[in-house]
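A.B. asks: the following comprises the amino acid sequence and a computationally predicted model.
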Amino acid sequence: MKENILGVDVCAETYEQLTSRLLADIEEKRKAFIVAINPEKIMKAQQDESLRQLLNSATYQIPDGIGVIIASVLKGGNIRSRVTGIDMMLQLCKEAALHQKKIFLYGAKPGIADEAKVKLEEMFPGIQITGTLNGYEKDENVIRDTINASGAEIIFVALGSPAQENWIIKHKEILAPYVYQGVGGSFDVVSGRLNRAPAFFQKLGLEWFYRLLKEPWRWKRQLILPKFLIKVIKG
Ligand code: UDP
């Protein structure tokens with residue numbers, strides 16, 4: 001079930017529905033690619049046809065960002081709750097621990113993926129994180145061999161956007177894992193290096209506001225939201 005917002009597909013499924021589809025993808029040995037959709041990416045895709053195609057070529061486009069929910073409401077769609085990249089990742093980790101699926105963490109600065117691994121092991125007893133690699137390793141052979149040797153079925157890719165999406169498209173057919181999720185700065189958050197917005201901000205959908213307070217240099221990126229909503233209304 002997908003809705004189309006300004007030319008970009010977005011899934012209308014919940015965390016639970018997506019997780020069971022992903023587990024089925026692994027069982028049936030199908031490659032699956034999860035991409036987080038936010039207003040910034042949709043706006044970029046307006047000027048960049050190859051980015052639009054890239055986003056639409058993913059298996060599951062999750063509605064990350066409150067702007068996507070508002071756009072669905074404005075368009076008479078059915079998407080009413082966010083599926084954030086980080087929560088999707090945590091939900092997948094929980095289910096992977098229950099179903100003994102192996103996980104690989106690829107991306108972020110040296111040491112961060114290992115710190116995230118330790119934290120995830122504390123959060124989800126029994127989780128099998130069978131490999132990690134920092135996002136600054138450039139040797140293609142090392143990257144491929146490390147990932148394939150891990151036996152992982154799920155890989156989280158934290159290289160930032162759109163680098164991680166491009167990387168996934170280019171590599172998913174030659175690598176062993178079935179499930180590929182681009183997770184941006186999530187390893188920095190999970191490792192504890194970067195604080196996530198307090199629950200209060202999360203509940204109100206104001207994580208963007210919290211992030212603006214913490215990282216004010218991002219303000220330009222956030223001007224996108226009103227422009228995006230105006231475009232949705234007009235379009
Ligand atoms: N990163 C990386 N390799 C690179 C460039 C960036 O692993 O060559 C990592 C960086 O350390 C950070 C993440 O990619 O952990 C980008 O996080 P950001 O929150 O900027 O992601 P975005 O907002 O683009 O999704």
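C.D. replies: Looks like it arrived, so ask away.

A.B. asks: Three-state assignment for the residue in the chain that the ligand sits nearest to, please.
C.D. replies: Going by C-beta to the nearest ligand atom, the ligand is nearest to Gly135 of the chain, at 1.9 Å. (Glycine included, C-beta is placed from N, CA and C.) State at Gly135, reduced to three classes by DSSP: H, G, I helix; E, B strand; the rest coil: coil.

A.B. asks: pull the number of nearby residues for it.
C.D. replies: 22 (other C-beta atoms under 10 Å).

A.B. asks: residues in contact with it?
C.D. replies: Under the criterion of C-beta atoms under 8 Å, 6 or more residues apart in numbering, the contact list for Gly135 reads Tyr106, Gly107, Ala108, Lys109, Ala158, Leu159.

A.B. asks: now with 7 Å?
C.D. replies: Applying C-beta atoms under 7 Å, 6 or more residues apart in numbering to Gly135 gives the contacts Tyr106, Gly107, Ala108, Ala158, Leu159.

A.B. asks: same thing with Lys227?
C.D. replies: Applying C-beta under 7 Å, 6+ apart, the residues near Lys227 are Met43.

A.B. asks: and for the lowest-mean-pLDDT helix or strand in the chain, what are the contacting residues?
C.D. replies: Ranked by mean pLDDT, DSSP states H and E, the helix or strand of the chain with the weakest confidence is helix 219-222, at a mean of 75. The contact list for helix 219-222, computed with C-beta under 7 Å, 6+ apart, reads Glu40, Trp208, Leu212.

A.B. asks: do the same with stretch 83-93
C.D. replies: Residues contacting stretch 83-93 (C-beta under 7 Å, 6+ apart): 15, 18-19, 22, 34, 36, 62-64, 103, 120, 124, 127, 154, 156, 181, 183-184, 186, 189.

A.B. asks: got the buried residues for stretch 112-125?
C.D. replies: Ile112, Ala113, Asp114, Glu115, Ala116, Lys117, Leu120, Phe124 (16 or more other C-beta atoms under 10 Å).

A.B. asks: residues in contact with it?
C.D. replies: 93-94, 97, 105, 107, 127, 129, 132-134, 187-188, 190-193.

A.B. asks: taking the residues you listed, tell me the two that lie furthest apart.
C.D. replies: Farthest pair in those (C-beta to C-beta) is Lys94 and Asn134. Separation: 24.6 Å.
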